[in-house]
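# Below are the sequence and a predicted model for it; my questions follow.
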Amino acid sequence: MSEEDRARLQYQLQSVYEALSKTRVLAGIFDQTWFYRIKQEIEKADLSEPFTSDAAFMFFMLSHPFRGIEWFESAQKLLEEGHPQDLERGQEIAIALFGRDPVRTFLPILEERLASLQALPFKQSEVANKLKELCATRFSQKFQNHAFELSVLGFFAKKEILTDIEVSVGNGGSKVDGEIKIDNRPILIEVTLTTQEILSRVPGPHTANPNTLIAQVFNKVHKKVGRGRQLGVAGGNPSILFLGRNPLGADRHFAQLGIERCFDDPTLNLSGIVISDSWKFLQTEFHELPHSRTPLSKLEIDKLRSLLDR
């Protein structure tokens with residue numbers, strides 16, 4: 001890493017912090033303490049190696065290599081105004097390879113979901129505790145675990161169908177993350193993220209044992225739905241597991257195979273599974289479990305898919 005690279009990182013950090021400062025909920029999490037901690041790490045970073053830092057997880061998530069460059073900002077403006085046909089070839093390639101600026105796309109979505117969750121008229125102390133837990137992990141990759149849960153809950157809060165959180169189930173004191181109501185029927189929801197990194201972080205092609213990738217998803221489902229687990233003691237209530245994939249773990253194909261293995265397990269007490277491509281909860285796919293003891297109706301499935309597609 002050169003001094004020029006360090007200057008780019010400092011510019012990225014400043015732009016990320018300025019965007020966060022304009023929010024309400026996230027500004028209280030990624031405050032000046034967070035900013036100066038990451039700034040100090042960048043200033044002290046070894047110039048002979050690429051900059052890495054677990055504490056800077058969210059900084060990396062909100063950075064973009066082309067931010068501030070005129071041709072890229074022009075491309076983003078065209079997309080925001082609904083004119084993708086006017087993009088030049090180079091702009092199209094850059095957007096396809098690196099995506100749009102997360103400060104202008106993902107950040108507003110996350111803020112809106114957290115704000116919707118914070119505005120719930122019930123269990124405000126539980127919501128406050130969840131936000132405190134989120135803040136406590138801001139210097140760690142564990143942030144994504146908490147952010148995924150709150151993002152899912154906030155998504156349904158925004159849709160005005162989240163009716164409860166931290167719902168007690170069974171007789172042993174177990175709780176599930178939340179409850180939504182579709183077609184006037186309560187549906188329990190549990191949220192979890194596959195955090196195991198099976199593939200290397202080093203850029204380039206990688207291979208892994210297919211059985212390991214499949215087992216990652218299958219075992220994660222069992223951890224939440226197996227006998228005696230949260231959704232496993234939910235009784236006769238319909239329930240949905242929201243499972244976020246780790247980009248360094250099972251991809252869509254192997255996640256699908258892992259889910260199909262779950263289909264063959266008659267002990268799982270579950271109505272369906274929603275797979276998210278990452279902790280950001282942006283791209284999702286719903287899977288109905290055949291032979292479920294608590295199946296969802298066609299109307300409930302159609303409504304859920306309609307909500308997730310928006």
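Structure received.

# does the residue nearest the centre of the chain count as helix, strand or coil?
The centroid of the chain falls nearest to residue 279 when counting by C-alpha atoms, centre = their mean (2.0 Å). Using DSSP: H, G, I helix; E, B strand; the rest coil, the structure places residue 279 in coil.

# show me what contacts it?
The neighbourhood of residue 279, defined by C-beta atoms under 8 Å, 6 or more residues apart in numbering, consists of 144, 145, 147, 148, 151, 193, 244. For the C-beta atoms, the positions are set from N, CA and C on the backbone; glycine is no exception.

# Can you tell me the closest non-neighbouring residue to the fourth one?
Counting by C-beta to C-beta, 6 or more residues apart in numbering, the nearest residue to residue 148 once its immediate chain neighbours are dropped is residue 279, at 4.0 Å.

# for the first one, same thing?
On the basis of C-beta to C-beta, 6+ apart, the spatially nearest residue to residue 144 that is not a chain neighbour turns out to be residue 279, at 4.0 Å.

# Same check on the fifth one?
Sequence neighbours aside, residue 281 is the residue nearest to residue 151 in space, at 4.5 Å (criterion: C-beta to C-beta, 6+ apart).

# That neighbour and residue 41: what is the separation?
From residue 281 across to residue 41, the span is 28 Å (C-beta to C-beta, to the nearest Å).

# So for these two, which sits in the more crowded spot?
The neighbour count for residue 281 versus residue 41, taken as other C-beta atoms under 10 Å, is higher for residue 281 (25 against 18).

# isn't the more buried one right up against residue 144?
No - between residue 281 and residue 144 there is no contact under C-beta atoms under 8 Å: 10.6 Å.

# helices and strands around the helix or strand hosting residue 191, which ones?
Using DSSP states H and E, residue 191 maps to strand 185-193. Applying 3 or more C-beta pairs under 8 Å, 6 or more residues apart in numbering; DSSP states H and E, one finds that strand 185-193 makes contact with helix 143-158, strand 162-169, strand 174-182, helix 210-225, strand 239-244.

# so what are the domain limits for this protein?
Annotated domains of the chain cover 3-98, 107-309 [automatic domain parsing].

# Can you name the residues that contact residue 30?
17, 20, 58, 138.

# and which of those is nearest to residue 155?
Residue 155 has its nearest neighbour among the contacts of residue 30 in residue 58, at 19.0 Å by C-beta to C-beta.

# ok, back up a step: please report how far the residue nearest to the centre of the chain lies from residue 159.
Distance from residue 279 to residue 159, by C-beta to C-beta: 19 Å.

# Next: residue 20.
Taking C-beta to C-beta, one finds residue 20 at 25 Å from residue 159.

# and these two? which has more neighbours close in?
Ranked by neighbour count (other C-beta under 10 Å), residue 20 and residue 159 place residue 20 first, with 22 against 14.

# shouldn't that one be in contact with residue 26?
Yes - Residue 20 lies in contact with residue 26 (C-beta under 8 Å); the separation is 5.4 Å.

# Now the common contact residues for these two.
Residues within reach of residue 20 and of residue 26 at once, by C-beta under 8 Å, 6+ apart, are residue 107.

# Out of the contacts of residue 30, who's the most crowded?
residue 58 (25 neighbours).

# which stretch of helix or strand covers that one?
helix 57-61.

# Which other helices and strands does that helix contact?
Under the contact rule (3+ C-beta pairs under 8 Å, 6+ apart), helix 57-61 is packed against helix 3-21, helix 143-158.

# so how far is residue 158 from the residue nearest to residue 151?
Distance, residue 281 to residue 158, using C-beta to C-beta: 12 Å.

# same deal with residue 80?
The value you get for residue 80 to residue 158, if C-beta to C-beta is used, is 21 Å.

# Next: residue 268.
To residue 158, residue 268 is 29 Å away according to C-beta to C-beta.

# And residue 27, by the same measure?
Taking C-beta to C-beta, one finds residue 27 at 19 Å from residue 158.

# Which one's more surrounded, those two?
The residue with more neighbours, out of residue 27 and residue 158, is residue 158; 17 against 14, by other C-beta under 10 Å.

# The more buried one against residue 118, yeah?
No - under the contact definition of C-beta under 8 Å, residue 158 does not touch residue 118, with a separation of 11.3 Å.
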